[in-house]
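# Next comes the sequence, and after it the predicted model I'd like to discuss.
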Amino acid sequence: MTVLTGERTRVEIPLLTQKGYSFHVANAIRRNRKPIKIGFVLMSLQPSGGNSIALKYANFLAQENEVTLILPDIENLRRSRLGKIDSDYLNLIKTGDMKLSSLTTEQQEFDLVILTFWATIPLALNSTLRSKNWIHFCQSIEDRFGADPENYLKLDVTLAQAAYAVNIPVITEATWIKEVLKLRGSRQLIEVVPNPVLKSLDVLPKTGEQLKGVNPNRLVVVIEGESSWFKGVSESIKALELLSEGLYEVHFVGDKHEVNISNPKVRIVLHGRVSRRMFHEILSKSDVLLKMSHVEGMYGPPLEAFSYGTTCITSSVTGHEEFVEHQKNGLVVNVSDYFRASRWLQEINLNRNLLEKLNLGALQTARNWPDEVMIEKKLIGAIDKIGRLNKTYQTLNSYSLVSGNFWNSMSLSYGKNPAFTIRQRHFLLVKELLRQRRYITLLNKGSRFLVRKFL
């Protein structure tokens with residue numbers, strides 16, 4: 001298939017197999033070729049790291065193609081059209097002249113559809129959406145999101161694992177994800193495209209003495225993340241309670257966290273959800289990002305911090321190995337080791353030469369990272385490599401059957417009805433939590449759902 005992007009592009013011509021002879025032509029010069037129609041299936045337009053990268057890629061492709069953002073249902077689409085879209089996202093959508101649609105819209109046909117979060121796979125399988133080519137943009141191994149040892153969500157884990165059994169071609173952001181998918185038996189082609197560094201160009205990185213600390217009297221720390229167990233914010237809070245030397249100013253960004261810290265050496269600033277530009281401004285005026293995640297794909301905030309000359313203290317979560325080097329540009333502790341994280345916070349507060357070394361290393365790492373032009377070329381190359389020039393439109397269900405794969409999680413777990421909707425998933429989750437008498441979990445999840453839906 002062809003994805004247009006500038007004066008030169010790669011063109012895949014169908015293989016000719018007469019008498020065993022085959023060939024293709026690559027890197028042909030574009031001559032009056034029409035843009036292709038691309039659909040991006042998203043679960044929502046709520047601000048998140050995954051959505052930010054997906055929309056960035058959609059914006060790349062929209063410069064030379066017709067891109068439509070496809071949401072699960074009319075209600076989700078209605079809320080988006082009422083203007084409840086993050087300002088950064090709205091800007092990307094407008095500059096790319098992207099359209100909005102839903103999976104419930106009939107007679108939609110595309111040259112290429114890109115699926116994102118795992119739940120978009122079963123939703124697309126049970127829709128009438130048709131495309132010549134299908135790709136899964138896999139940003140993590142998402143069945144781990146429900147694998148909290150103290151609050152295991154069997155339904156979410158089972159359904160996510162079954163979604164990965166639909167072996168459509170994959171683009172992913174980290175080498176470790178590619179290896180895991182291979183270990184799980186994926187037979188489809190998997191291409192790795194590194195995430196771009198999301199940064200605000202009008203926010204400047206630290207220089208000179210700022211690299212030794214933005215304030216000589218206290219260490220300025222950022223803790224970013226939602227309240228979900230796998231973001232490790234609770235471990236970060238425990239690390240703050242253990243601080244015994246020096247003074248600290250700690251900025252919480254993300255959910256409206258309830259932070260009750262009795263340590264008099266720590267001053268807390270709660271920001272809640274902020275725009276990406278505001279987050280970058282906070283990073284540029286801080287010394288270190290503390291990130292104690294249990295589950296990540298290839299997280300963006302530490303790399304964004306690096307671009308402003310701000311180091312990180314991170315858990316050894318999957319994806320950190322893509323760019324964090326211990327004691328060179330950041331500090332790495334074992335997952336859940338908040339004691340060691342606390343000791344490192346004290347060390348860089350008291351040893352500003354070490355802080356400067358780490359900040360300089362972080363800044364250099366960000367500068368050496370592939371720029372947006374290089375990443376756009378990698379994305380286009382990956383799509384051209386794994387995309388097939390199919391001449392017929394197919395639903396994902398037909399496409400996956402032709403590929404020798406199928407979606408069967410609902411038939412395995414809940415009878416033989418393969419229908420899968422968001423409403424059914426919510427109902428089954430509520431039923432399971434009630435059966436296990438996990439009322440607090442049900443209350444927390446219900447309140448978060450209502451906030452997202454109506455606020």
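That came in fine, so what should we check first?
# element containing the spatially most central residue of the chain?
Central residue of the chain (Cα atoms, centre = their mean): Gly50, 2.2 Å from the mean position. Take DSSP states H and E as the rule and Gly50 turns out to sit in helix 49-62.
# Can you mark which positions in that helix are buried?
49-62 (16 or more other Cβ atoms under 10 Å). Placement of C-beta: from N, CA and C, glycine included.
# Pick the one among those closest to Leu71.
Nearest to Leu71 out of those is Asn51 (Cβ to Cβ; 11.3 Å).
# Which parts of the chain belong to which domain?
18-196+373-420, 208-368 (automatic domain parsing).
# Looking at those, which one is packed in the most?
Ranked by mean neighbour count under mean count of other Cβ atoms under 10 Å, the domains of the chain are led by domain 208-368, which reaches a mean of 20.
# Work out the gap between it and the centre of the chain.
19 Å (Cα atoms, centre = their mean, to the nearest Å).
# got a list of what Arg144 touches?
Phe230, Val295 (Cβ atoms under 8 Å, 6 or more residues apart in numbering).
# about what we covered before: can you list the neighbours in contact with the helix holding Gly50?
3, 5, 38, 40, 42, 44-45, 67, 69, 88-89, 92-93, 95-98, 114, 116-117, 137, 139-140, 173, 195-196, 198, 276, 297, 299-301, 372, 376, 379-380.
# picking that back up, of the domains of the chain, which shows the lowest average pLDDT?
The weakest mean pLDDT among the domains of the chain belongs to domain 18-196+373-420, with a mean of 80.
# Counting only strands, which of the contacts of helix 49-62 make the cut?
Cross-referencing these against strands under DSSP state E gives Ile38, Phe40, Val67, Leu69, Ile114, Phe137.
# Let me know whether the second one touches Ile70 as I believe.
Yes - the pair Phe40 and Ile70 qualifies as a contact (Cβ atoms under 8 Å) at a distance of 6.5 Å.
# Show me the helices in the stretch 301-450 of the chain, by range?
Listed in chain order, the helices of the stretch 301-450 of the chain (DSSP state H, counting those that start in this stretch) span 301-306, 338-350, 352-368, 372-386, 396-402, 409-413, 422-435, 439-454.
# swap in the stretch 1-150 of the chain?
49-62, 74-81, 87-95, 120-125.
# Need the overlap of contacts for Phe40 and Ile70.
Val113.
# Go through the domains of the chain and name the closest to Asp202.
With Cβ to Cβ as the yardstick, what comes closest out of the domains of the chain is domain 208-368 (7.8 Å).
# Apart from its neighbours in sequence, what residue is nearest Glu281?
Excluding its sequence neighbours, the residue lying closest to Glu281 (Cβ to Cβ, 6 or more residues apart in numbering) is Val203, at 5.3 Å.
# In contact with the one you found, which residues?
Contact analysis of Val203 by Cβ under 8 Å, 6+ apart lists Arg277, His280, Glu281, Ser284, Tyr308.
# Could you check how far Gly319 is from Arg144?
12 Å (Cβ to Cβ, to the nearest Å).
# Give me the distance from the helix holding Gly50 to the chain's centre.
On Cα atoms, centre = their mean, the centre of helix 49-62 falls 10 Å from that of its chain.
# try stretch 115-122
Averaging C-alpha positions (Cα atoms, centre = their mean) puts stretch 115-122 13 Å from its chain's average.
# Do me a favour and get the end-to-end distance for it?
End-to-end distance for stretch 115-122, by Cα to Cα, to the nearest Å: 10 Å.
# got the contact list for it?
40-43, 50-51, 54, 72, 124, 134-137, 139, 142-143, 159-160, 162-164, 166, 168, 396, 407, 409-410, 420, 422, 425.
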